[in-house]
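>>> Next comes the sequence, and after it the predicted model I'd like to discuss.
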Amino acid sequence: MKDVTASTKLSEIKRSWHLFDAEGKILGRIASEIAKILIGKSKPYFVSNLDCGDYVVVINAEKVKVTGKKETQKRYSRHSGYPGGYREETLMELRRRSPGDIIRFAVLGMLPQNKLRDKMLTRLFIFKGAEHTYKDKFKVQEKK
């Protein structure tokens with residue numbers, strides 16, 4: 001008789017919530033931890049063809065740190081698709097305009113480039129300050 005490893009089914013996936021405080025943390029290090037949780041690599045039943053990841057809430061996104069001269073030299077670019085639609089901004093300008101996008105772009109680059117990427121990214125919630133709207137998800141349930 002042969003032992004067969006059972007493959008993971010969608011109904012077996014359990015999702016939990018994780019809270020990250022980005023204040024004083026280095027961008028790349030926190031982004032890699034977030035990406036690992038969104039992918040679901042830390043779970044024992046991880047399979048690459050299913051979306052096994054958890055929910056992630058990041059607070060204090062505006063206070064994330066970068067090393068070296070990245071604040072002035074790192075550039076983010078985008079193109080609208082129209083002639084003359086190329087836009088480029090530094091990390092400092094992006095932090096002023098939309099600090100959550102700094103973490104979102106870093107995590108986006110660390111996720112696998114496949115059809116599951118957008119689903120994984122929808123479970124990432126980033127907040128500029130210390131307040132967030134998912135407090136009820138992190139309450140510890142009292143034992144009776």
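Thanks, I have it. Numbers count the residues shown, from 1 in each chain.

>>> helix or strand for the residue lying closest to Gly40 once chain neighbours are set aside, which one?
Of all residues not flanking Gly40 in the chain, Cys52 sits nearest, at 3.0 Å (C-beta to C-beta, 6 or more residues apart in numbering). The way it works is simple: take the backbone N, C-alpha and C, and place the C-beta from them, glycine included. Using DSSP states H and E, Cys52 sits in no helix or strand.

>>> Can you get me a residue count around Cys52?
Per other C-beta atoms under 10 Å, the neighbour tally for Cys52 reads 23.

>>> List the contacts of it.
Contacts here follow C-beta atoms under 8 Å, 6 or more residues apart in numbering; on that basis Cys52 touches Thr8, Ile13, Ile39, Gly40, Lys43, Tyr45, Phe46.

>>> How about Ser80?
Ser80 is in contact with Arg87, counting by C-beta under 8 Å, 6+ apart.

>>> I'd like the distance between it and Tyr86.
When C-beta to C-beta, to the nearest Å is the yardstick, Ser80 and Tyr86 sit 8 Å from each other.

>>> can you check Glu62 too?
From Glu62 over to Tyr86 the distance is 26 Å, taken as C-beta to C-beta.
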